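Visitor: Let's see this in three dimensions:
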Amino acid sequence: MFLDSVINSNTKQSTSHAKSEKTVRSIAKTISWRIVGTLDTIVIAWAITGELSLAFSIGSIEVISKLVLYFMHERVWNTIKWGNN
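Guide: Numbering: from 1, shown residues only. So this is what the prediction gives:
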């Protein structure tokens, strides 16, 4: 609920920056994508190792590093005007 209100208030406040994605939106996308990606990593690691505890260990390390990398990637791409009208 809190995130929804922050996102909605941010989109209503800024019409002049309509092409620029807000930081809170990048954070929400980062988190949702990492959930999907980490579950995928855990399933693959479990299939390869056959050990669920090892799969969760791999997934827990992976989630932190890729959250940071994805967020930085999104913010950099948000500054690139190529492909935006």
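
Visitor: so who does residue 43 touch?
Guide: The contact partners of residue 43, taken as Cβ atoms under 8 Å, 6 or more residues apart in numbering, are residue 55. Yep, even glycine has a C-beta here, placed from its N, CA and C like the rest.

Visitor: give me that answer again for 7 Å
Guide: Applying Cβ atoms under 7 Å, 6 or more residues apart in numbering to residue 43 gives no contacts.

Visitor: going forward, begin numbering at 187 instead of 1
Guide: Let's use 187 as the start, then, which means that last one is residue 229.

Visitor: do you know how far it is from residue 263?
Guide: Per Cβ to Cβ, to the nearest Å, residue 229 is found 28 Å from residue 263.

Visitor: What about residue 210, how many residues nearby?
Guide: The tally of other residues near residue 210 (other Cβ atoms under 10 Å) stands at 14.

Visitor: quick one: buried residues of the helix or strand hosting it?
Guide: For residue 210, the host element (DSSP states H and E) is helix 209-235. Neighbour-count burial for helix 209-235, with 16 or more other Cβ atoms under 10 Å as criterion, is recorded at 211-213, 216, 220, 223-224, 227-228, 231-232.

Visitor: from those, which is closest to residue 242?
Guide: The closest of the buried residues of helix 209-235 to residue 242 turns out to be residue 228 (Cβ to Cβ; 6.1 Å).

Visitor: thinking the closest one is in contact with residue 242, fair?
Guide: Yes: if you go by Cβ atoms under 7 Å, residue 228 and residue 242 touch, sitting 6.1 Å apart.

Visitor: That'll do, ta.
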